[in-house]
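Trainee: generate coordinates for the sequence data below:
(one chain, ligands or ions: 2)
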Amino acid sequence: MGHVVVIGSGIAGLISALRAARVHDVTLVTKAELTAGSTAWAQGGIAAAVFADDSPELHARDTLAAGAGLSDPEAVRLLAREGAARLHDLVALGVEFDRVSGASTGSAAGPLGWARGLEAAHSVARVLHAGGDATGRIIESALAGALDAARAQGRMHVREHTTAVAIVRGGDGRVCAVDVVPSPTAAGAHPGADAPVERLAADAVVLATGGNGQLYRHTTNPPVATGDGVVLGYAAGAAVVDLEFVQFHPTVLPGGGLVSEAVRGEGAVLLDAAGRRFLTGAGHDPRAELAPRDVVARAIAAQMREQSGAPVLLDATALGAGVLRERFPTIDRLVRAAGFDWTREPVAVTPAAHYAMGGLLTDMSGRTTVAGLFAVGETGSTGVHGANRLASNSLLEALVVGWLAGDLLAAAPAAAAPSLPTPALSTTQDQRGDDDLTAAVPTRLSGGLEAADALRNGTIPVTGDYLRDRAWDALGLLRDESTMSELARELADARPADALAARLLPLARLTAEAARARRESRGAHARTDYPATEPALRWRRAWVRPGSVSPELLTRDAAVDAPEPALAAAAPTREATR
Ligand code: FAD
Ligand code: SIN
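Mentor: Ligands and ions are numbered 1, 2, ... in the order given. Here you go, the predicted model:
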């Protein structure tokens, strides 16, 4: 038995903690209260191939198409294959997915009479939901119930309002501890540099800190989503990958609050300021409002530019008051609080930063390139989502990867799990001219290894709020070299002026560097100066902190392609979580 520290209490952290605690002592550290992450806010649902007109192959095909050539096909196939079993495991833990009923517009029922929603770029309706649009809250609360049971058995220790601030490695390079500090009591506040540090010894550490949305002025993400895990892992020497790929959700209330894609899946349409549909007709994706998220988000941004920045309108009135209130009770409350009666009038919406496809480079068991360090959920980047995530695949990926990580830890002494190899250095920009979505995607270390340390401190103070504005302007829906290099120049000599900036500055530097390095448009990464997708750039670009990779690795020519799922070590089981 060993000691595993899990950082973060969303779906990914909770699942990996529960699985690991079957064997090990687990300490779960979380920055605010248990339910403060994105998981509890998830609306649309969770995708899996469980209906008669669907199959894992079809789900995999849709996921690869959305990923725009950068999804790792092996990882995608594993995700699609494991989906149904993991959903049944959620049911065993107490999650009740909605069933077809009078209020539901779901058509053919699945195995348990499940209703299903349609979201963008899915070729069939396959999104299961719970509580109408409260899927994440219901999953989170079932997992929290399982956590309580595990606590009662004595192997699970939960530390709320505790922030992880450093990962510690021993002389052998393996992770050996985590430094934590008390979180400030004010909601959304971040600990300062003077907070008292406590060191928690660990045989293995799982980073499950969620996404990066707070880097942007406009985001769907909760205040805890400041990309801490990515920066903690980078600081400890783990490779980061794909940080240029940030998904913007098309339909967010201007004052904040998501209006799920499932609403468009049920038939809501987008209108310009004059009340006309603008996503139909020549020159538009034939899927109109249900085209992939990046396509719809960019079209909305273009329309907003044409109408002097005014938001576009989402018209859901045709769905009828009954469906809107019963199928979408959470959104009903949000739009009413924003002053709209959406049963009678269209609602103003704009795009906002929503999901990080990039993160710490991992395999499907969450292993990073540092021994003993795992990353699961939105913090990790398995290659499943590629350049653009398919809607409702993130809860599923967090569940599948969190499960496999917990099982890998439980299967071996926690201190024995091997790390992923660090990818080989890229010696040339152009790697592969292959546009076959089912072909493996190489992962290479960026030639930008000589780039400055993203954790350095310069002389010009910048606040977190300022960084959020600058990231929105320069690293948003549309990017170009001149805007991004201006930002990079500013960031080069910046130092954090407050606790939020201490979190966001390294993330902003890494994101800007990744976005500048990718000189093409692909999926969610759209550059006005490089509008085409370049087949030769079909490779995933990874970064490590300067000095964290030994020089012999840089000259080594052993190509390490996309990470392989460590299934042999962690065969998924149907055994219920204790
Ligand atoms: P989270 O659930 O975000 O949890 C992160 C945890 O880490 C939190 O507990 C946080 O407090 C903690 N933490 C962060 N930093 C630290 C630190 N330094 N120390 C200690 N703890 C820390 N996906 C879908 O598949 N379907 C959907 O319908 C859907 N809807 C969404 C709606 C909204 C509004 C949002 C924001 C996202 C949605 N997503 C959806 C995406 C999905 O919810 C997330 O990707 C997923 O929940 C991430 O889970 P996670 O466990 O990785 O992280
Ligand atoms: C939504 O409900 O529109 C969000 C779903 C997701 O992010 O996967």
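Trainee: count of neighbours near residue 185?
Mentor: Other residues lying near residue 185 total 8 when counted by other Cβ atoms under 10 Å. In this view, the C-beta of every residue, glycine as well, is placed from N, C-alpha and C.
Trainee: residue 137 now?
Mentor: There are 18 residues near residue 137, going by other Cβ under 10 Å.
Trainee: that one: what secondary structure?
Mentor: helix (DSSP: H, G, I helix; E, B strand; the rest coil).
Trainee: read off the pLDDT value for it.
Mentor: At residue 137, the predicted lDDT confidence score is 98.
Trainee: again with residue 404
Mentor: For residue 404, pLDDT reads 97.
Trainee: I'd assumed it was in a helix, is it?
Mentor: Yes - applying three-state DSSP, one finds residue 404 inside a helix.
Trainee: quick check: it vs residue 84, distance?
Mentor: Distance, residue 404 to residue 84, using Cβ to Cβ, to the nearest Å: 15 Å.
Trainee: so who does residue 150 touch?
Mentor: Listed by Cβ atoms under 8 Å, 6 or more residues apart in numbering, the contact set of residue 150 reads 17, 18, 21, 26, 156, 578.
Trainee: wouldn't the first one be in contact with residue 26 here?
Mentor: Yes - Residue 17 is within contact range of residue 26, at 5.0 Å (criterion: Cβ atoms under 8 Å).
Trainee: more crowded one of those two?
Mentor: Applying other Cβ under 10 Å to residue 17 and residue 26 shows that residue 17 carries more neighbours, namely 33 against 30.
Trainee: neighbours of the residue nearest to residue 400 when sequence neighbours are not counted, how many?
Mentor: Distance criterion Cβ to Cβ, 6 or more residues apart in numbering; nearest residue to residue 400, sequence neighbours excluded, is residue 82 at 4.8 Å. Neighbour count for residue 82, taken as other Cβ under 10 Å: 24.
Trainee: just give me the closest of the contacts of residue 150 to residue 502.
Mentor: residue 17 (26.8 Å; Cβ to Cβ).
Trainee: OK, contacts around that closest one?
Mentor: Under the criterion of Cβ under 8 Å, 6+ apart, the neighbours of residue 17 are 4, 6, 26, 28, 147, 150, 156, 206, 406.
Trainee: for ligand 2, give me its nearest residue in this protein.
Mentor: Relative to ligand 2, the nearest point of the chain is residue 44 (2.6 Å; Cβ to the nearest ligand atom).
Trainee: more neighbours, residue 404 and residue 84?
Mentor: residue 404 (31 against 18).
Trainee: just give me the neighbour total for the closest residue to the more buried one other than its chain neighbours.
Mentor: Distances taken as Cβ to Cβ, 6+ apart place residue 365 nearest to residue 404, at 4.4 Å, with adjacent residues excluded. Residue 365: 29 surrounding residues under other Cβ under 10 Å.
Trainee: please apply the same query to residue 212.
Mentor: Number of residues near residue 212 (other Cβ under 10 Å) recorded here: 32.
Trainee: which residues sit in contact with the residue lying closest to it once chain neighbours are set aside?
Mentor: Distances taken as Cβ to Cβ, 6+ apart put residue 227 closest to residue 212, at 3.7 Å, once the chain neighbours are dropped. Applying Cβ under 8 Å, 6+ apart to residue 227 gives the contacts 209, 211, 212, 214, 215, 356, 503, 504, 507.
Trainee: kindly recompute the last result at 7 Å.
Mentor: Contacts for residue 227 (Cβ atoms under 7 Å, 6 or more residues apart in numbering) come out as 212, 215, 503, 507.
Trainee: relative to ligand 1, which of those is nearest.
Mentor: Nearest member of those to ligand 1, counting by Cβ to the nearest ligand atom, is residue 503, at 8.2 Å.
Trainee: flag every residue of the stretch 301-450 of the chain that's near ligand 2.
Mentor: Residues of the stretch 301-450 of the chain lying close to ligand 2 by Cβ under 6 Å from any ligand atom are 355, 391, 392, 394.
Trainee: any idea of the pLDDT on the last one?
Mentor: pLDDT, residue 394: 98.
Trainee: other residues contacting stretch 164-183?
Mentor: Contacts with stretch 164-183, where a contact means Cβ under 7 Å, 6+ apart, come from 5, 7, 29, 31-32, 161-163, 191, 195-202, 204-205, 228, 232-233, 235-236, 370-373, 415.
Trainee: if we go to 6 Å?
Mentor: Contact with stretch 164-183 is made by 5, 7, 29, 31, 161-163, 191, 195, 197-202, 205, 232, 236, 371-373, as judged by Cβ atoms under 6 Å, 6 or more residues apart in numbering.
Trainee: that one and ligand 1 in contact?
Mentor: Yes - counting by Cβ under 6 Å from any ligand atom, ligand 1 is contacted by stretch 164-183 at residue 164.
Trainee: which positions in that stretch come out as buried?
Mentor: For stretch 164-183, a neighbour-count test (16 or more other Cβ atoms under 10 Å) marks 164, 165, 167, 169, 174, 175, 176, 177, 178, 180, 181, 183 as buried.
Trainee: greatest separation within these: which pair is it?
Mentor: Top of the distance list for the buried residues of stretch 164-183 (Cβ to Cβ): 174 and 183, 27.2 Å.
Trainee: any regions of the stretch 51-200 of the chain where pLDDT drops low?
Mentor: In the predicted model of the stretch 51-200 of the chain, residues 102-110 satisfy pLDDT under 70.
Trainee: can you give me the strands in it?
Mentor: When secondary structure is read from DSSP state E, counting those that start in this stretch, the stretch 51-200 of the chain shows strands at 127-128, 156-159, 162-169, 175-182, 198-201.
Trainee: can you say which of these is nearest to residue 72?
Mentor: strand 127-128 (22.5 Å).
Trainee: check what contacts the closest one and list those residues.
Mentor: Strand 127-128 is contacted from outside by 44, 45, 46, 47, 97, 114, 117, 119, 392, using Cβ under 6 Å, 6+ apart.
Trainee: just to revisit the earlier point, just checking, the residue nearest to residue 400 touches residue 402?
Mentor: No - Residue 82 is not in contact with residue 402 according to Cβ atoms under 6 Å; the separation is 11.5 Å.
Trainee: shouldn't residue 16 be within a helix?
Mentor: Yes - with three-state DSSP as the criterion, residue 16 is part of a helix.
Trainee: pull the number of nearby residues for it.
Mentor: Using other Cβ under 10 Å, residue 16 has 34 neighbouring residues.
Trainee: tell me the contacts of the residue in the stretch 101-250 of the chain that ligand 1 sits nearest to?
Mentor: Across the stretch 101-250 of the chain, the shortest distance to ligand 1 (Cβ to the nearest ligand atom) belongs to residue 210, at 2.5 Å. Under the criterion of Cβ under 6 Å, 6+ apart, the neighbours of residue 210 are 10, 37, 38, 225, 378.
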